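# Need a 3D model of the sequence below.
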Amino acid sequence: MSKFTSTQIKRFKLDAKTQARESGILRHQALDNMATAMGYSNWALLMKHAAPEGNAIPEPLSFVRSDQDMRAAMRNPPETSDRNPGRNASPNVNVPDILSKLISARNAVDFAIDYMSTILRTSRYQVGLRSQAYWEMRLWLPYELEPVTPSTQVLVNREYKPVGLDSTEHVDYRKFEALQTNLSAEQVQMFSHAETGQGYLYGPTPWGSRKAAEMYLMRLKMLKSALI
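Below is the predicted model of the structure:
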């Protein structure tokens, strides 16, 4: 039997979670059901024989989240409000650093496209300024292509750190080669938010309104086309 990719394993787990919730069975039973459908008698055997090998070529990080889980991520914790957003708010401890898992600038852009496509599927677009999704969008998603050299840029998040990095320390952009691009000024201008400046992917924040989020997704897709 063939090996599954880490993306497929992640999808199996998500499908099992959904099956367990809808069918009223335990999660481990749902995982076993997934394994059976793939030709294994249980989940443990699938992971033993068909999970990705440790020495395999690193696979691009993908974003997978159910609509229900995304709606939950968009809500503020019960004990907080939106009165002091931004740097005055405490980061959500559930937002991990994903920088080391992004293998290229293209991977970071694909991840962002998947994230925005998922969040835009929600019927009511309202991102709490203390929510998990708010901090994910600030830390995980590209805000700007910051010049490193006259012909090289690096993808940075809303905190002006390499995409995926949660840090207040000074960083040397030159060290983050995996997130660097080599686009011409004309290519960068094609997807830049004109009022904000060259290389910026948004002005109005994508967590602020559905319209701003849709415009941001459009620019991400234009950036992806430039990276091909």
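
# Only C-alpha atoms from now on, for both contacts and neighbour counts.
Noted.

# Residue 207 against residue 127, yeah?
Yes: with contact defined as CA atoms under 8 Å, residue 207 reaches residue 127; the gap is 5.7 Å.

# where do the contact lists of those two overlap?
Shared contacts of residue 207 and residue 127 (CA atoms under 8 Å, 6 or more residues apart in numbering): residue 134.

# and the closest residue in space to residue 42 that isn't next to it in sequence, how many neighbours does it have?
Leaving aside its chain neighbours, residue 42 sits nearest to residue 32 (4.5 Å; criterion: CA to CA, 6 or more residues apart in numbering). Neighbours of residue 32 under the rule other CA atoms under 10 Å: 19.

# Roughly how far does residue 32 sit from residue 174?
Residue 32 sits 46 Å away from residue 174, taking CA to CA, to the nearest Å as the criterion.

# coming back round to it: in what helix or strand does the residue nearest to residue 42 lie?
Assigned by DSSP states H and E, residue 32 belongs to helix 27-37.

# Please apply the same query to residue 215.
helix 210-227.

# what's in contact with that helix?
With CA under 8 Å, 6+ apart, helix 210-227 has contacts from 106, 109-110, 112-113, 116-117, 120, 125, 181, 183, 187-188, 190-192, 201-202, 204-207.

# And the strands in the protein, which stretches?
For the chain, the strands defined by DSSP state E occupy 144-149, 152-156, 180-181.

# Using a markdown table, please lay out those together with mean neighbour count, mean pLDDT and distance to residue 19.
Formatted as a markdown table, the strands of the chain follow (neighbours: other CA atoms under 10 Å; pLDDT from 0 to 100; distance: least, CA to CA, whole Å):
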| stretch | mean neighbour count | mean pLDDT | distance to residue 19 |
| --- | --- | --- | --- |
| strand 144-149 | 19 | 95 | 39 |
| strand 152-156 | 24 | 96 | 37 |
| strand 180-181 | 22 | 94 | 40 |
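
# With distance to residue 101 as added columns, please give these in TSV.
As requested, the strands of the chain are arranged in TSV below (distance: least, CA to CA, whole Å):
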stretch	distance to residue 101
strand 144-149	19
strand 152-156	15
strand 180-181	15
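
# who wins for proximity to residue 20 among the ones you listed?
Taking CA to CA, strand 152-156 is the member of these nearest to residue 20, at 38.1 Å.

# Can you give the distance of that closest one from its chain's centre?
17 Å (CA atoms, centre = their mean, to the nearest Å).

# Just the contacts of helix 210-227: which are in helices?
In helices, judged by DSSP state H, the following of these are found: 106, 109-110, 112-113, 116-117, 187-188, 190-191.

# out of the residues you listed, what pair is the most spread apart?
Farthest-apart pair in the ones in helices among the contacts of helix 210-227 is 117 and 187; separation 23.4 Å (CA to CA).

# how about residue 12, what does it touch?
31, 34 are the contacts of residue 12 under CA under 8 Å, 6+ apart.

# can you do 10 Å?
Counting by CA atoms under 10 Å, 6 or more residues apart in numbering, residue 12 makes contact with 6, 18, 30-31, 33-35.

# Show me what stretch 148-155 is in contact with.
Counting by CA under 10 Å, 6+ apart, 104-106, 108-109, 141-147, 161-164, 172-185, 188, 199-200 sit against stretch 148-155.

# coming back round to it: could I get the ones in helices among the contacts of helix 210-227 as CSV with neighbour count, pLDDT and distance to residue 48?
Listed next are the ones in helices among the contacts of helix 210-227 as CSV, based on neighbours: other CA atoms under 10 Å; pLDDT from 0 to 100; distance: CA to CA, whole Å:
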residue, neighbour count, pLDDT, distance to residue 48
106, 22, 94, 31
109, 23, 97, 32
110, 20, 96, 29
112, 23, 98, 31
113, 21, 97, 32
116, 22, 98, 33
117, 14, 97, 33
187, 16, 94, 46
188, 20, 94, 45
190, 15, 94, 47
191, 23, 94, 44
